[in-house]
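> need a 3D model of the following:
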Amino acid sequence: MAVVIVNNTGGSITSGTTYVGGVAPTSIDSIAFTPTSGNLIVDALINISGIDFTNCVSVINFTQPLNLNNTVGHTHFVNLGTGGYTLSGTPEIKYADTFLGTAISLTSNGIPWNGILNLSCSTTNNNITLVDDWNQNGELISPSTIQCKFLGNTFNINGICNALRISVDNTSIINLNGNINLTGFLFYGGHLKYTGGICNIDTLSVVPTSTVILDIAGVTINNLVNISSSVAVSIQLNSVPIFPELRVSSSSFPISFIGDYGFIADLLFIGRTTFNRQLILNSNVEYVVNDTIDITNASISSYTPGVKSKLTLGQNINQKRLTNIDATDIDSSGGRRVNNFFGTATNCDNWRIWTDCTLPQVSSTF
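Just a heads-up that it's a prediction; the model follows:
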């Protein structure tokens, strides 16, 4: 792989006369600059391996995206340098149509990317290494079929984002701070944080393999769904989220809410199945359900045995269906009584067990 340097004259990205040595970059080459490099015109969609803006103080004019697609080495990179250059036209870095297992590194050096970042890469196994914190001030484009796995540091979404899926083994903080509207957001792992901006997520589907960290107080999420079915999972709450709907659908494997904060949900639903769904709430933490609770065939317990969790039902709660719940170490004294039909309650406060013997009987005349 060669490093192709823009000469003092500059010119079209496809022309050999633009570069020192007179040879245009191929798909395995990267582009670099010197302090005296001329203006670069990105006027054709050609494949390159990477670009390093270090030393660049000229103008980069975009009439086409800068396309990172190395079909041989499968290594890609962007280094935004130290600033001083000017972006004109429609700046776009496009990491597109890559092969399975490809990887890219993003280095900002404190410089935000104000153009479009298009992550239209392969559907899985896209390792996007953040060498330092990346500020995506321009639009983030990522088709809903793509799974992005960010590694290390923080990816700040400060601009427009209308589609995103985060892959398994993601280790970065995904920080929401822009104009973000996601119909469905699959978050497979890592740390999701909200710090500002306009953010609306219709459905957040959490599919963790170990621990997912949510710090999303203040963001509008209409529906939180856990759809793991094969492993025990943990959701760590670093602030108090508010969910119009919280739906737990994690088969017989436990789902645990950990962290120092609980949730506030208008509706809590644990599906009606033949197996016993396990919901574990952190000890000494309060979880509030305001409007509707609907749980069948489940166990609800405290994370630390003998130390109660708090599950508080609102005063106008609709206890739609509470059947066959095995509750242990749950304190519901802060709200309405929990009416558990044909279940159990061990070391619980403000729970009532109803059976055939305790249900009100209606007399009949034959």
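> low-confidence stretches in the protein?
Low-confidence regions of the chain, defined here as pLDDT under 70, cover residues 71-74, 97-101, 122-125, 208-210, 227-231, 249-252, 272-275, 357-366.
> nearest residue to the middle of it?
With distances taken as Cα atoms, centre = their mean, residue 187 lies nearest the centre of the chain, 4.1 Å away.
> can you report how many residues neighbour the residue nearest to that one when sequence neighbours are not counted?
Closest residue to residue 187 apart from its sequence neighbours, by Cβ to Cβ, 6 or more residues apart in numbering: residue 166 at 4.9 Å. Placement of C-beta: from N, CA and C, glycine included. Neighbouring residues of residue 166 were enumerated by other Cβ atoms under 10 Å; the total is 23.
> got phi/psi on residue 57?
As for residue 57, its main-chain torsions (degrees, to the nearest 10) stand at phi -130, psi 20.
> okay, now it: neighbour count?
Neighbours around residue 57, by other Cβ under 10 Å: 16.
> ok, now residue 36?
Applying other Cβ under 10 Å, we find 11 other residues in the vicinity of residue 36.
> for the stretch 251-366 of the chain, which segments count as strands?
When assigned using DSSP state E, counting those that start in this stretch, the strands of the stretch 251-366 of the chain occupy the ranges 255-258, 264-270, 277-281, 286-302, 309-313, 318-328, 330-331, 338-341, 344-346, 351-354.
> mean neighbour count, those strands: which tops it?
Burial of the strands of the stretch 251-366 of the chain is given as mean neighbour count (mean count of other Cβ atoms under 10 Å); strand 309-313 ranks first at a mean of 24.
> that one to strand 286-302, inter-axis angle?
Relative orientation of strand 309-313 versus strand 286-302 (axes from the mean of the first three to the mean of the last three Cα atoms, to 10 degrees): 130 degrees.
> what pairs with strand 309-313, and is each one parallel or antiparallel?
strand 286-302 (parallel), strand 330-331 (parallel) (DSSP bridges).
> want to try a markdown table for the ones you listed, with distance to residue 56 as columns?
A markdown table is the format used below for the strands paired with strand 309-313 (distance: least, Cβ to Cβ, whole Å):
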| stretch | distance to residue 56 |
| --- | --- |
| strand 286-302 | 52 |
| strand 330-331 | 61 |
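> so residue 291 sits right up against residue 317, yeah?
Yes. Counting by Cβ atoms under 8 Å, residue 291 sits close enough to residue 317 to count as a contact (6.6 Å).
> re earlier: need the contact list for the residue nearest to residue 187.
With contact taken as Cβ atoms under 8 Å, 6 or more residues apart in numbering, residue 166 is in contact with 147, 148, 149, 150, 174, 186, 187, 188, 189, 190, 192.
> tell me the contacts of the closest residue to residue 344 other than its chain neighbours?
Spatial nearest neighbour of residue 344, chain neighbours left out: residue 326 (4.9 Å); criterion: Cβ to Cβ, 6+ apart. When contacts are counted by Cβ under 8 Å, 6+ apart, residue 326 is found next to 276, 298, 299, 300, 301, 343, 344, 346.
> neighbours of the first one, how many?
One way to gauge burial is a neighbour count; for residue 276, by other Cβ under 10 Å, it gives 13.
> quick one: it and residue 31, what's the gap?
Counting by Cβ to Cβ, to the nearest Å, the gap between residue 276 and residue 31 amounts to 59 Å.
> and for the second one?
Residue 298 is 57 Å from residue 31, where distance means Cβ to Cβ.
> quick one: contacts of stretch 4-17?
Contact partners of stretch 4-17, identified using Cβ under 8 Å, 6+ apart, comprise 18-25, 29-34, 36-44, 46, 56, 58, 66.
> 10 Å instead, please
Contact with stretch 4-17 is made by 18-26, 29-34, 36-46, 48, 51-52, 55-56, 58-64, 66-67, as judged by Cβ atoms under 10 Å, 6 or more residues apart in numbering.
> how long is it end to end?
Its first and final residues considered, stretch 4-17 spans 12 Å by Cα to Cα, to the nearest Å.
> repeat for stretch 38-55
Start to finish, the residues bounding stretch 38-55 are 11 Å apart (Cα to Cα).
> fine by me, we can end here.
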